[in-house]
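>>> The amino acid sequence is not available; the structure is as follows:
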């Protein structure tokens, strides 16, 4: 199994707040523990208010976004997909009010952080052991009652978010996604705005922008190849897209991030 990794939310967004705030999905599972501040998250196709002593579990390949206020602080356990931990299959948002339960998870995060920082002999085994304990903690605090049935609007937004995880780079427009889901673009837009605070077109744009910025700052792939990979009709169209949302050309954006590193 690949190693578990403990990071702060600031470290997950070290290249800029956009890394968490734009709608995106990740290859790993995340267990997030917020210990200070408030914010808003896009989870499971819905807008969630989040705050201190909230635990979020986000399985790999689920569309998400997270925005904490300036004074907010949280940590995330990054769990490789396929790790040998017994984890929930669905997104979880837990508001932990019991003081003992809050302290228990905080202690586990602190102990894992010490192991990761010290890297003493067998620390990989210790990290996995603490990961098992965190997974047990998480399962113990799952709600006893099954989630209520989802409305038609919630099911539609979830289906659209699933398409954005699978098919965001195939060149489809928002209208193409709406047609595939059997609804009109107007209806999809209205429902997405009501459930997430974002329009359907905004969600698609954010997912593409997150992928584009990630590829530009983390690879040396030529701009025209990134444009083709993300379904843009031409490198010129891709350049206009990046300029519109970042005020920089793709090449300038790539250089600015690397020069700041």
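That came in fine, so what should we check first? In this text the structure is predicted, and so the values were computed from the model without any measurement.

>>> hey, let's count contacts and neighbours off CA atoms from now on
Noted.

>>> what about stretch 7-16, how long is it end to end?
End-to-end span of stretch 7-16 (CA to CA, to the nearest Å): 15 Å.

>>> With stretch 176-196 instead?
20 Å.

>>> Run through who's touching that stretch.
42, 45-47, 153-154, 156-157, 159-160, 163, 174-175, 198-201 (CA atoms under 8 Å, 6 or more residues apart in numbering).

>>> do stretch 107-114 as well
By CA under 8 Å, 6+ apart, the residues outside stretch 107-114 that reach it are 6, 75, 126, 127, 130, 133, 134.

>>> which residues touch the closest residue to the third one other than its chain neighbours?
Spatially, and ignoring its direct neighbours in sequence, residue 126 is nearest to residue 115 (7.1 Å; CA to CA, 6 or more residues apart in numbering). Applying CA under 8 Å, 6+ apart, we find residue 115 in contact with 123, 126, 127.

>>> Quick check: which element contains residue 115?
According to DSSP states H and E, residue 115 maps onto helix 99-118.

>>> Kindly report the same for residue 89.
Under the criterion DSSP H and E, no helix or strand holds residue 89.

>>> Count the neighbours of it for me.
As a burial measure, residue 89 scores 10 neighbours (other CA atoms under 10 Å).

>>> correct me, but it touches residue 61?
No: the criterion here is CA atoms under 8 Å, and residue 89 misses it with residue 61 at 11.4 Å.

>>> thinking again about what came up before, tell me the most packed of the contacts of residue 115, by neighbour count.
residue 127 (22 neighbours).
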